[in-house]
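In: return a 3D structure for these sequence lines:
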Amino acid sequence: NEERNIIQALIKYGHITHYHTDPPENAEVSVGTYIIEEILSDGIGFHVPVHQQILSEYQQMSAQKDFHPEKHFLFHANREISTLTADLITEKYALSKIHNKMKKIESESNRLLEYIPRLVFEFKNSLLLDEIKTLLLQLKAASEAKNYELANQIMQVMAEKDAIKKQLAKNLGERIITRL
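Out: This is a model prediction of the structure:
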């Protein structure tokens, strides 16, 4: 689901250029460039092949000035990509007129500076939690096999992953639960 959300943001908002990087550079960067740099800097890829293909193709095509991701992927030769794009760019729900009059709801496109980093952090967090689950299974197998040296190595890796998890939790604004 996190992969799908990132692909949706890449297609819908990737061409928008107003995302500022960290203070040393303070350069304007497109949403698409930010997403790709964040994912590639950690050596992350997508598990769903169609999502990975869209990411790779976006990275290749984004250098072109007349590149419009919605149009490109909507009319893509690969039917699976065009169907996915149509599904991603279509608004699923419309706010009723009554609710619209009562309170002004800010759209995703108006909150990109908050929305896009959150998507990336949620994606990284879900991958990290999967890695931690795998490590726990490996630790269980190592302890059952009485391989204490391997168990210690796994516990060291888990401590590193736990520190990363805490940092991601801070970025996501979630509560951090520490073991006593």
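In: which SS class is Asp66?
Out: Recorded secondary structure, Asp66: coil (DSSP: H, G, I helix; E, B strand; the rest coil).
In: count of neighbours near it?
Out: Here the count is done by other C-beta atoms under 10 Å, and Asp66 has 7 residues near it. Using the backbone N, CA and C atoms, a C-beta is placed for each residue, glycine as well.
In: try Gly32
Out: If you count neighbours by other C-beta under 10 Å, Gly32 ends up with 25.
In: next, give phi and psi for the residue nearest to it when sequence neighbours are not counted.
Out: On the basis of C-beta to C-beta, 6 or more residues apart in numbering, the spatially nearest residue to Gly32 that is not a chain neighbour turns out to be Gly14, at 3.0 Å. Recorded main-chain torsions at Gly14 are phi -60, psi -30, according to degrees, to the nearest 10.
In: quick check: Gly14 vs Ile164, distance?
Out: When distances are taken as C-beta to C-beta, to the nearest Å, Gly14 and Ile164 turn out to be 26 Å apart.
In: among the two, which residue is more densely surrounded?
Out: Neighbours per residue (other C-beta under 10 Å) separate Gly14 from Ile164, with Gly14 holding more: 25 against 15.
In: can you read off the pLDDT for that one?
Out: For Gly14, the model assigns a pLDDT of 87.
In: so who does it touch?
Out: Gly14 sits next to Ser30, Val31, Gly32, Ile35, Tyr58, Ser62, Pro69 when contact means C-beta atoms under 8 Å, 6 or more residues apart in numbering.
In: so where's the chain shaky on pLDDT?
Out: For the chain, applying pLDDT under 70 flags the ranges 18-26, 92-110, 174-180.
In: quick check: longest helix of it.
Out: When every helix of the chain is counted residue by residue (DSSP state H), the longest turns out to be helix 112-144.
In: and that one, what's buried?
Out: Within helix 112-144, the residues that qualify as buried are 112, 115-117, 119-125, 127-128, 132, 135, 138-139, 142, counting by 16 or more other C-beta atoms under 10 Å.
In: give me the residues contacting the helix or strand harbouring Ile164.
Out: Element membership of Ile164 [criterion: DSSP states H and E] is helix 148-172. Helix 148-172 is touched from outside by 117-118, 121-122, 124-125, 128-129, 131-132, 135-136, 138-139, 142-143, 175-176, 178, with contacts defined as C-beta under 8 Å, 6+ apart.
In: so what's the residue count around Tyr34?
Out: Around Tyr34 there are 20 residues (other C-beta under 10 Å).
In: so which elements touch the host helix or strand of it?
Out: Tyr34 belongs to helix 31-41 when assigned by DSSP H and E. Taking 3 or more C-beta pairs under 8 Å, 6 or more residues apart in numbering; DSSP states H and E as contact, the helices and strands that helix 31-41 lies on are helix 2-13, strand 17-20, helix 49-61, helix 112-144.
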